[in-house]
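Undergrad: Provide a 3D model corresponding to the input given below.
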Amino acid sequence: MVFPMQRNEVAQVSWAHLRLPPFPQVAIRVLQLANSDTVQLHQLSDLISSDPAFASEVLSIANSLLYAPRFPSNSILQAIAVLGINNLQGLCLTVGARTYLGKSLGLPAMRSLWRHDLACGLIAEQLAAAGFMDKDTAYTCGVLHDIGRLALAAVRPKEYSVLLGSYSGTPASILKAEEDLFGLDHCAVGRQLIADWKLPADFDAVVAEHHAPRPKDGPWGMAELINVSCRMADTAGFAAFVGCEIASYADLLEELPLRERRLFHPTVDTLAVEIASRIGAVETT
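TA: Okay, the predicted model is just below:
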């Protein structure tokens with residue numbers, strides 16, 4: 001595969017000179033603080049409330065059909081108390097990712113990236129609930145897994161849109177085209193962001209290995225769950241780029257542990273309908 005924009009047409013740059021726009025600091029601080037055993041609810045509430053626009057979006061999504069609360073929350077503190085700290089991480093990351101893409105969400109390719117991340121998070125949440133992993137952490141990891149891709153999109157949205165709109169191949173094969181365009185692929189960028197933001201090391205494998213081949217009957221942990229969730233999102237109609245080669249849903253189910261396989265959606269159609277409905281709940285807020 002030869003990408004139309006040749007290597008020498010866009011200068012490759014090092015990480016230090018990539019000039020990434022800053023990700024919303026409130027979202028990063030929530031990810032950092034929520035993993036502390038000593039953090040208190042009012043600290044998180046005060047942090048989120050310090051950015052009124054961000055807080056407004058958090059409250060809107062917390063009260064949306066995505067979470068379907070029995071009673072609406074009237075304040076950030078109340079929302080945290082209802083949803084829990086682990087859930088808060090994924091919620092703030094969702095808001096942060098949408099804010100980060102900003103106006104570029106008007107580009108079809110950028111909106112596909114946004115929906116792919118949400119779909120991966122929602123699928124990961126369900127897979128975790130079917131097994132023995134924390135579903136809120138799984139959702140956060142799913143939304144976070146392509147953070148490097150969002151960063152590349154923020155650096156050069158138009159050029160990246162062209163790549164995403166014209167490239168055909170497997171999800172992993174696009175990494176080389178990204179490297180040709182930016183000097184780094186989205187997995188490498190994601191790994192560097194996790195380090196720069198001083199997030200828990202557990203996130204490293206999630207962002208760096210979600211395109212790595214999975215051995216049959218290999219270990220099953222959060223990184224493996226996100227790996228499968230990412231490909232399920234593609235297969236369910238939420239691919240990160242138009243020409244993405246998707247895997248068979250039946251083959252993906254075979255990669256799941258027995259318990260998850262028995263309790264998960266038996267067909268891709270039922271999965272696609274549910275995920276589309278929940279993404280719609282976020283997009284209408």
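
Undergrad: Can you say which helix or strand has I275 in it?
TA: helix 268-283 (DSSP states H and E).

Undergrad: Give me the phi and psi for E255.
TA: Taking degrees, to the nearest 10, you get phi -80, psi -10 for the backbone angles of E255.

Undergrad: Would you confirm that it contacts S229?
TA: No. Contact between E255 and S229 fails when scored by Cβ atoms under 8 Å: they sit 10.8 Å apart. Quick note: C-beta positions are derived from backbone N, CA and C, even for glycine.

Undergrad: which one of these two has more residues nearby?
TA: More crowded of E255 and S229, by other Cβ atoms under 10 Å: S229, with 27 against 20.

Undergrad: Starting from M222, give me the distance back to that one.
TA: 10 Å (Cβ to Cβ, to the nearest Å).

Undergrad: Which neighbours do these two have in common?
TA: Counting by Cβ atoms under 8 Å, 6 or more residues apart in numbering, the residues touching both S229 and M222 are A138.

Undergrad: And the strands in the stretch 51-200 of the chain?
TA: Using DSSP state E, counting those that start in this stretch, the strands found in the stretch 51-200 of the chain span residues 168-169.

Undergrad: Now do the helices in it.
TA: Counting by DSSP state H, counting those that start in this stretch, the stretch 51-200 of the chain has helices at residues 52-62, 76-83, 85-101, 108-130, 135-144, 147-155, 157-166, 174-182, 186-196.

Undergrad: With mean neighbour count and distance to A68 as extra columns, can I get those in CSV?
TA: Output for the helices of the stretch 51-200 of the chain, formatted as CSV (neighbours: other Cβ atoms under 10 Å; distance: least, Cβ to Cβ, whole Å):
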stretch, mean neighbour count, distance to A68
helix 52-62, 18, 11
helix 76-83, 19, 11
helix 85-101, 23, 13
helix 108-130, 24, 13
helix 135-144, 26, 15
helix 147-155, 23, 27
helix 157-166, 18, 32
helix 174-182, 20, 35
helix 186-196, 20, 31
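
Undergrad: Of all those helices, which one comes closest to R70?
TA: Of all the helices of the stretch 51-200 of the chain, it is helix 76-83 that lies closest to R70, at 8.7 Å by Cβ to Cβ.

Undergrad: Which elements pack onto that closest one?
TA: Counting contacts by 3 or more Cβ pairs under 8 Å, 6 or more residues apart in numbering; DSSP states H and E, helix 76-83 packs against helix 41-49, helix 52-62, helix 85-101.

Undergrad: quick one: that helix to helix 52-62, angle?
TA: Relative orientation of helix 76-83 versus helix 52-62 (axes from the mean of the first three to the mean of the last three Cα atoms, to 10 degrees): 30 degrees.

Undergrad: Between helix 41-49 and helix 76-83, find me the angle.
TA: 120 degrees.

Undergrad: what does the average pLDDT come to for helix 76-83?
TA: For helix 76-83, mean pLDDT is 91.

Undergrad: One more: stretch 190-198?
TA: On average, stretch 190-198 scores 91.

Undergrad: circling back to that earlier point, pipe the helices and strands packed on helix 76-83 into JSON lines and attach distance to R259 per row.
TA: Shown next, in JSON lines, are the helices and strands packed on helix 76-83 (distance: least, Cβ to Cβ, whole Å):
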{"stretch": "helix 41-49", "distance to R259": "33"}
{"stretch": "helix 52-62", "distance to R259": "30"}
{"stretch": "helix 85-101", "distance to R259": "21"}
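
Undergrad: Not counting sequence-adjacent ones, nearest residue to the residue most central in space within the chain?
TA: In the chain, the C-alpha closest to the average C-alpha coordinate belongs to V143, at a distance of 2.1 Å (Cα atoms, centre = their mean). Spatial nearest neighbour of V143, chain neighbours left out: G121 (4.0 Å); criterion: Cβ to Cβ, 6 or more residues apart in numbering.
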